[in-house]
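**Q** Here's a sequence, model it:
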Amino acid sequence: MWLYIEWLDVIILEVFINVHRRRRGTNFDRYRRSQNDLIAFIATCKAEQKGLPSWLEVYSIEEKSKSLAPEQIFIADIGGGIGHQAIGVEQWLPQINNRIFLQDQEVVVPHAIKHDGVEAMAYGFFQPQPIKARIHCMSSIIHDWPNRKATGFLKNTISALGPDPMILFIFIDDKSFPNSGVHWYETGIDITMMAGLASQESTVEQWNDLMEKAGLKIHNTYAYTGTYNSIMECVPVSQEEGPRGR
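**A** Numbers count the residues shown, from 1 in each chain. Next comes the predicted model:
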């Protein structure tokens, strides 16, 4: 949401952050090196969602499960941490027999909650996506990365969708701010993301711009909290006018 910066300025900011902290790589590289930092990060992510309404209350996930072939994968939860999101879906739709994948870095997977119906898989989203699922989910992922990097891993996900008209959705769970009148607390989070990760929270307009650069279009948005948490249902631009597996 912060004032738009050209990609070169973002790179300079990333370098400044790393030099200032006397380290190389991102925060996520540090988690690979430090189990204590990783465990603290996992606990923080869990605490952030505590007490919030569930997106399952506003998003018709059951509709998206219809007409699945028996062998088709239902959801790939990309960067899903220890599995709260994926497990939530399985518990919401226990009658679904199609596979649900939890994907995260190799160092995170051993911490994943063991749950029947959810398969944990080591995967980094800067690599080609090996899973072709009905829905590819990213929850609180994109706001951790500068737009130029987010565009890259979104394109990796698009590449897995293939020509099958039943494999269309990229499902993004993140904050989507109005263009003005945002609460001061949320703008503070935006500044924190800029200072800590060279990234940002985004307005509706900025989300649309990012998706366009990645080759996607936001088809529907479902707000589910009073603090701008929203589900953005995205489809490839090339298929936006076609059938969507509803």
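**Q** How far does stretch 148-166 sit from its chain's centre?
**A** 13 Å (C-alpha atoms, centre = their mean, to the nearest Å).
**Q** ok, which stretches of the protein are helices?
**A** Taking DSSP state H, the helices of the chain run over residues 7-20, 27-33, 35-49, 61-64, 84-92, 147-158, 184-197, 204-214.
**Q** which stretch in those helices has the least confidence?
**A** Looking over these, mean pLDDT reaches its minimum on helix 7-20, with a mean of 44.
**Q** Neighbours of the nearest residue to Leu56 once chain neighbours are set aside, how many?
**A** Of all residues not flanking Leu56 in the chain, Trp92 sits nearest, at 5.0 Å (C-beta to C-beta, 6 or more residues apart in numbering). In short, each C-beta sits where N, CA and C put it, glycine included. Other residues lying near Trp92 total 13 when counted by other C-beta atoms under 10 Å.
**Q** Trp92 and Ile61, how far apart?
**A** Trp92 sits at a distance of 7 Å from Ile61 (criterion: C-beta to C-beta, to the nearest Å).
**Q** same question, Val89
**A** 6 Å.
**Q** Report the central residue of the protein.
**A** Met138 (2.1 Å; C-alpha atoms, centre = their mean).
**Q** Can you give me every residue that contacts that one?
**A** Ile78, Gly79, Thr157, Ile170, Phe171, Ile172, Asp173, Asp174 (C-beta atoms under 8 Å, 6 or more residues apart in numbering).
**Q** Drop anything exposed from these.
**A** Ile78, Gly79, Thr157, Ile170, Phe171, Ile172, Asp173, Asp174 (16 or more other C-beta atoms under 10 Å).
**Q** does the last one really touch Cys234, like I thought?
**A** By that I understand Asp174. No: using C-beta atoms under 8 Å, Asp174 makes no contact with Cys234, being 11.3 Å away.
**Q** what pairs with Asp173 across the strands?
**A** Per DSSP bridges, the residues bridged to Asp173 are Ser139, Ile231.
**Q** Start the count at 4 instead of 1 going forward.
**A** Fine by me, first position is 4 from now on; the one you just mentioned is Asp176.
**Q** from memory it sits against Ile234, does it?
**A** Yes: Asp176 lies in contact with Ile234 (C-beta under 8 Å); the separation is 5.6 Å.
**Q** and for those two, which residues touch both?
**A** What both Asp176 and Ile234 touch, as defined by C-beta under 8 Å, 6+ apart, is the set Trp58.
**Q** quick one: His114 from Gln108, how far?
**A** Taken as C-beta to C-beta, the span from His114 to Gln108 is 10 Å.
**Q** Neighbours of Gln108, how many?
**A** With other C-beta under 10 Å as criterion, Gln108 counts 17.
**Q** can I get the CA coordinates of stretch 124-136 in PDB?
**A** Only the C-alpha atoms of stretch 124-136 are listed here, as PDB (Å, rounded to 0.1, in the frame of the first residue of the first chain):
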ATOM      1  CA  MET A 124       4.900 -32.200   0.900                       C
ATOM      2  CA  ALA A 125       8.200 -30.300   0.800                       C
ATOM      3  CA  TYR A 126       8.000 -27.600  -1.900                       C
ATOM      4  CA  GLY A 127       9.400 -24.100  -2.500                       C
ATOM      5  CA  PHE A 128       7.200 -22.000  -4.700                       C
ATOM      6  CA  PHE A 129      10.100 -20.500  -6.600                       C
ATOM      7  CA  GLN A 130      10.300 -23.900  -8.300                       C
ATOM      8  CA  PRO A 131       7.800 -25.200 -10.900                       C
ATOM      9  CA  GLN A 132       4.600 -26.400  -9.200                       C
ATOM     10  CA  PRO A 133       4.400 -30.200  -9.400                       C
ATOM     11  CA  ILE A 134       0.800 -30.500  -8.200                       C
ATOM     12  CA  LYS A 135      -2.200 -30.000 -10.500                       C
ATOM     13  CA  ALA A 136      -5.100 -29.300  -8.100                       C
END
